[in-house]
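*Asks:* How does the following fold in three dimensions:
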Amino acid sequence: MAKKPRAKMEPNGAIEVAQTSNETGAQALARKLLQPTLKNAAAASAFTAKMMGNELELPGIGDYADFVQSEARKAADGELAMASRMLAAQAIALDSMFAELARRTANNMGEYINAAERYGRLALKAQGNCRATLESLAKLHQPREQTVKHVHVNEGGQAVVADHIHQHTGGRENAKSNGQPHALESMGDASGQPLRSANAEREAVPVASDA
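*Replies:* Below is the predicted model of the structure:
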């Protein structure tokens, strides 16, 4: 069976700059070069080139910039899939660092105590960063909670503050109220009967009810 020919790399090393009528070419280029997506794409490409070496043909700066801009737009729209994958991958890398540094700590114990201590500190640092990364990943997928305060003023000037916690999960609707007035829920009296004030001679304080 014949192998399919490999697609040409054709790296894109060009940077497209859109110039407006209110700026010079230099200003348009400066605006483009100072964009966060382009600067981070340049940094990522530099580190990737060092990591992969010279044997692999790599994409151009334009290819990196297109990818970073695409993912940044998705994140701005609320899509967190890339962030989730990134945190999970970083946690695995940090755990691998911890395992290797812990192994070197054990190998140097007893005979080279200074080296063992240094490796041990680095191992614990990698472990702590791994734990923090996993906590960030878990927090990313947890529903958000929002506390809303409702103030209800009943007859007689009595104010009742009720707290309601709404959980935002991205697709679920907030839980509906059971139909009871907030004043009754907060004061613990669902009978609708008036409550007596401290002064027994004065009239009772009315309590809101469904009626």
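*Asks:* For Leu137, give me its contacts.
*Replies:* Ser84, Leu87, Ala88, Ala91 (C-beta atoms under 8 Å, 6 or more residues apart in numbering). Any C-beta I mention is one placed from the backbone N, CA and C, and that applies to glycine too.
*Asks:* you'd agree Gly125 is in a strand?
*Replies:* Gly isn't right for residue 125; it's Lys. No. With DSSP: H, G, I helix; E, B strand; the rest coil as the criterion, Lys125 is located in helix rather than a strand.
*Asks:* Quick check on the contacts of Leu137: which are buried?
*Replies:* The neighbour count (16 or more other C-beta atoms under 10 Å) marks Leu87, Ala91 as buried among the contacts of Leu137.
*Asks:* got TSV for the contacts of Leu137, with distance to Thr24 and pLDDT too?
*Replies:* Putting the contacts of Leu137 into TSV (distance: C-beta to C-beta, whole Å; pLDDT from 0 to 100) gives the following:
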residue	distance to Thr24	pLDDT
Ser84	42	95
Leu87	42	96
Ala88	45	97
Ala91	46	97
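*Asks:* May I ask which helix or strand encompasses Met82?
*Replies:* Following DSSP states H and E, one finds Met82 within helix 81-108.
*Asks:* And the helix or strand Phe47 falls within, what's buried?
*Replies:* Element membership for Phe47 (DSSP H and E) is helix 36-52. Residues of helix 36-52 classed as buried by neighbour count (16+ other C-beta under 10 Å): Thr37, Leu38, Ala41, Ser45.
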